[in-house]
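Asker: make a model of this:
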Amino acid sequence: MRSAHGKVCGVTVLTGVALTSLLAWLWLALGQGRFWRTDQRLPRREPTHRTHRPSVAIVVPARDEAGVLPRTLPTLLAQDYAGPTSVIVVDDASSDGTGDIARAAGADVVDAGDPPPGWTGKLHALQRGIEQAGDVEFLLLTDADIAHEPNSLTALVEAADGRDLVSQMARLRVSTPWERLIVPAFVYFFAMLYPFGWVNRPNGRTAAAAGGCSLVRRTALERAGGLDAVRGAVIDDVAIARIVKRCGGRIWLGLAEHVASIRPYPRLADLWQMVARSAYAQLRHSVVLLAGTVLGLGLVFLAPVAALIGGAVEGDPLAAGLGAATWLIMAATFTPMLRYYRQPVVIAFTLPFTATLYLAMTVDSARQHWLGRGASWKGRTYW
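Answerer: Alright, predicted model coming up:
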């Protein structure tokens with residue numbers, strides 16, 4: 001029974017919440033595909049001496065990317081891959097001379113034009129690039145802000161032996177205080193939603209990819225219906241991975257070691273928009289899923305801190321102890337990602353604060369959708 005001191009059968013409500021949060025974290029740490037591990041790296045293979053090297057077309061969708069292409073495009077043109085390659089930059093109605101910069105660097109340039117009804121701009125640009133590529137064996141779909149080390153394409157093709165989609169989560173920039181706080185958590189939360197180990201199971205249902213660097217077998221993409229099957233997807237990389245895997249394709253996703261994004265997100269506002277433009281789309285624009293996400297994030301990330309502080313203030317050592325233990329587990333699961341990004345592990349204890357920011361970004365994403373702004377990117381808005 002409930003007492004005047006907020007107890008139910010001798011246990012405080014705060015203790016009950018703290019225990020529930022602890023159990024949730026034990027399940028996440030042990031049962032969610034070990035999402036927190038960072039050992040999913042590009043499969044290493046011994047160099048082969050085969051005479052046949054698959055043909056590859058590198059397709060780069062670019063909308064107003066004059067600021068980054070001079071630094072990233074040369075890394076694609078200088079790949080040491082021994083097989084036939086081409087680099088196709090798709091100028092997606094840029095207004096800053098993106099196409100001219102790409103031509104001057106030596107890439108083939110295709111003008112995307114305006115996307116037809118039902119298509120997102122990026123997917124239409126990719127489609128135009130794929131049409132230009134012709135009858136190649138593989139397509140490397142990579143964003144304009146992604147820089148590749150010289151052996152990147154060779155390693156991707158070697159890893160694609162027996163696979164239909166090989167994707168790497170490019171190492172994002174972590175130079176400013178806000179980037180250090182939010183970027184590692186962004187990848188951590190992505191892995192929590194799509195545990196890489198589950199993605200890489202041939203018979204598993206989980207599918208995901210990282211749009212910044214995805215090598216896909218052309219015939220597998222065609223068998224899955226091509227980009228036309230996902231033409232309106234805002235989160236296009238995950239959508240492509242799903243249709244490829246659904247049609248029996250083998251996919252692989254991991255963290256990159258030789259592929260990095262140079263795009264800066266120096267201000268909180270920049271990072272906020274990066275997350276908010278697609279967060280509500282991730283929830284399929286469902287109010288029910290949004291409410292569940294808010295409650296879930298609160299229970300998982302905020303309740304341990306509330307239990308620790310509230311238990312200390314209210315003289316409830318059990319609640320405080322449970323909260324402290326849960327916070328430690330949370331920080332421990334975040335530590336490998338911080339090490340991958342070469343950041344101080346003490347940042348792991350700020351994860352509840354960062355999760356609060358992500359919660360606010362998600363709610364703001366829904367607010368923007370309800371106001372008719374949808375997912376906005378470089379002057380285009382999608383609903």
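Asker: strands of this structure, residue ranges please.
Answerer: 7-8, 11-12, 56-62, 85-91, 108-111, 138-142, 146-148, 165-171, 213-217, 251-261, 375-377, 380-382 (DSSP state E).
Asker: turn those into CSV, columns for mean neighbour count, mean pLDDT and distance to A102.
Answerer: Quick note: C-beta positions are derived from backbone N, CA and C, even for glycine. Shown next, in CSV, are the strands of the chain (neighbours: other C-beta atoms under 10 Å; pLDDT from 0 to 100; distance: least, C-beta to C-beta, whole Å):
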stretch, mean neighbour count, mean pLDDT, distance to A102
strand 7-8, 14, 57, 65
strand 11-12, 17, 74, 63
strand 56-62, 26, 98, 7
strand 85-91, 23, 97, 4
strand 108-111, 18, 96, 5
strand 138-142, 26, 98, 13
strand 146-148, 23, 97, 14
strand 165-171, 26, 97, 20
strand 213-217, 25, 97, 18
strand 251-261, 22, 95, 18
strand 375-377, 17, 64, 20
strand 380-382, 16, 61, 20
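Asker: mind checking how far stretch 330-346 is from the chain centre?
Answerer: 17 Å (C-alpha atoms, centre = their mean, to the nearest Å).
Asker: may I have that stretch as CSV, with CA atoms only?
Answerer: Provided in CSV are the C-alpha atoms of stretch 330-346 (Å, rounded to 0.1, in the frame of the first residue of the first chain):
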residue,chain,number,x,y,z
MET,A,330,25.7,4.1,-18.8
ALA,A,331,29.1,5.8,-18.8
ALA,A,332,30.9,2.5,-19.2
THR,A,333,28.9,1.7,-22.4
PHE,A,334,29.7,5.1,-23.8
THR,A,335,33.5,4.9,-23.1
PRO,A,336,34.4,2.8,-26.1
MET,A,337,32.9,5.3,-28.5
LEU,A,338,34.8,8.2,-26.8
ARG,A,339,38.0,6.2,-27.2
TYR,A,340,37.2,5.7,-30.8
TYR,A,341,36.9,9.4,-31.2
ARG,A,342,40.0,10.0,-29.0
GLN,A,343,38.1,12.0,-26.5
PRO,A,344,38.5,12.1,-22.7
VAL,A,345,36.5,9.3,-21.1
VAL,A,346,35.3,11.7,-18.4
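Asker: buried stuff in that stretch?
Answerer: M330, A331, T333, F334, T335, P336, M337, L338, Y340, Y341, Q343 (16 or more other C-beta atoms under 10 Å).
Asker: tell me how far the third one lies from G33.
Answerer: As defined by C-beta to C-beta, to the nearest Å, T333 lies at a distance of 12 Å from G33.
Asker: try the last one
Answerer: The span separating Q343 from G33 equals 23 Å under the rule C-beta to C-beta.
Asker: now the fourth one
Answerer: Summarising the geometry, the distance separating F334 from G33, computed by C-beta to C-beta, is 16 Å.
Asker: the helices in the stretch 151-300 of the chain, which residues?
Answerer: Secondary structure of the stretch 151-300 of the chain (DSSP state H, counting those that start in this stretch): helices at 152-159, 177-193, 196-199, 218-223, 236-246, 268-282, 287-297.
Asker: now render these as CSV, adding distance to A207 and mean pLDDT.
Answerer: Listed next are those as CSV, based on distance: least, C-beta to C-beta, whole Å; pLDDT from 0 to 100:
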stretch, distance to A207, mean pLDDT
helix 152-159, 17, 95
helix 177-193, 12, 97
helix 196-199, 6, 96
helix 218-223, 13, 97
helix 236-246, 4, 97
helix 268-282, 14, 91
helix 287-297, 19, 96
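Asker: between those, which one is closest to V110.
Answerer: helix 218-223 (16.8 Å; C-beta to C-beta).
Asker: so which bits of the closest one are buried?
Answerer: By 16+ other C-beta under 10 Å, the buried positions in helix 218-223 come out as R218, A220, L221.
Asker: out of those, which one sits closest to N203?
Answerer: A220 (16.5 Å).
Asker: how far out from the middle of the chain is stretch 186-196?
Answerer: The chain centroid and the centroid of stretch 186-196 are separated by 7 Å under C-alpha atoms, centre = their mean.
Asker: what's that stretch in contact with?
Answerer: Residues outside stretch 186-196 that contact it (C-beta atoms under 8 Å, 6 or more residues apart in numbering): 28, 32-36, 40, 169, 172, 206-208, 238, 253-255, 275, 282, 334, 337, 358.
Asker: which among the residues you listed end up buried?
Answerer: 28, 32-36, 40, 169, 172, 206-208, 238, 253-255, 275, 282, 334, 337, 358.
Asker: longest helix in the protein, please.
Answerer: Ranked by residue count, the top helix of the chain under DSSP state H comes out as helix 317-340.
Asker: what helices or strands is that one leaning on?
Answerer: If you count contacts as 3 or more C-beta pairs under 8 Å, 6 or more residues apart in numbering; DSSP states H and E, helix 317-340 packs onto helix 13-31, helix 177-193, helix 303-314, helix 351-370.
Asker: now it against strand 165-171, angle please.
Answerer: 100 degrees (axes from the mean of the first three to the mean of the last three C-alpha atoms, to 10 degrees).
Asker: quick one: mean pLDDT for helix 317-340?
Answerer: For helix 317-340, mean pLDDT is 98.
Asker: quick one: low-confidence residue ranges for the stretch 1-150 of the chain.
Answerer: Counting by pLDDT under 70, the stretch 1-150 of the chain contains low-confidence ranges at 1-11, 43-51.
Asker: before we move on, back to that, of all the buried residues of stretch 330-346, which comes closest to D111?
Answerer: Y341 (37.1 Å).
Asker: cool, thanks, talk later.
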